[in-house]
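Asker: Have a look at this prediction, sequence included:
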Amino acid sequence: MYCTRWCPDCRRARILFNQYNIQFTEVDVYAVPGADDQVRAWTGGSLITPTFDIDGQILIDYDEAKLRQILNISA
């Protein structure tokens with residue numbers, strides 16, 4: 001998950017992942033060199049957090065329904 005510490009949607013994603021014991025790696029777009037460039041490449045130039053790289057599938061911004069679908073989490 002490409003994220004920031006202050007992003008409300010990043011917090012929501014952390015809660016969802018922790019609720020279902022899903023292991024994830026956080027990449028702070030302001031602290032990790034090149035992370036912001038990677039997100040901009042995926043989004044067409046915008047720095048949008050969170051952005052997810054789930055086994056090569058890119059999901060831009062927090063969309064709980066799509067996350068649940070990709071991760072096969074029942075509602």
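Answerer: In hand now; what should we look at?
Asker: Show me the shaky parts of the protein.
Answerer: Within the chain, the segments meeting pLDDT under 70 span 75.
Asker: now the strands for it?
Answerer: 2-3, 27-28, 51-54, 57-60 (DSSP state E).
Asker: In JSON lines, list those strands along with mean neighbour count and distance to Arg40.
Answerer: Every C-beta, even on glycine, is put in place using the N, C-alpha and C of the backbone. Formatted as JSON lines, the strands of the chain follow (neighbours: other Cβ atoms under 10 Å; distance: least, Cβ to Cβ, whole Å):
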{"stretch": "strand 2-3", "mean neighbour count": "24", "distance to Arg40": "10"}
{"stretch": "strand 27-28", "mean neighbour count": "17", "distance to Arg40": "13"}
{"stretch": "strand 51-54", "mean neighbour count": "19", "distance to Arg40": "10"}
{"stretch": "strand 57-60", "mean neighbour count": "15", "distance to Arg40": "11"}
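Asker: Of all the ones you listed, which one comes closest to Asp9?
Answerer: strand 2-3 (8.6 Å; Cβ to Cβ).
Asker: Show me what that closest one is packed against.
Answerer: strand 27-28, helix 35-43, strand 51-54 (3 or more Cβ pairs under 8 Å, 6 or more residues apart in numbering; DSSP states H and E).
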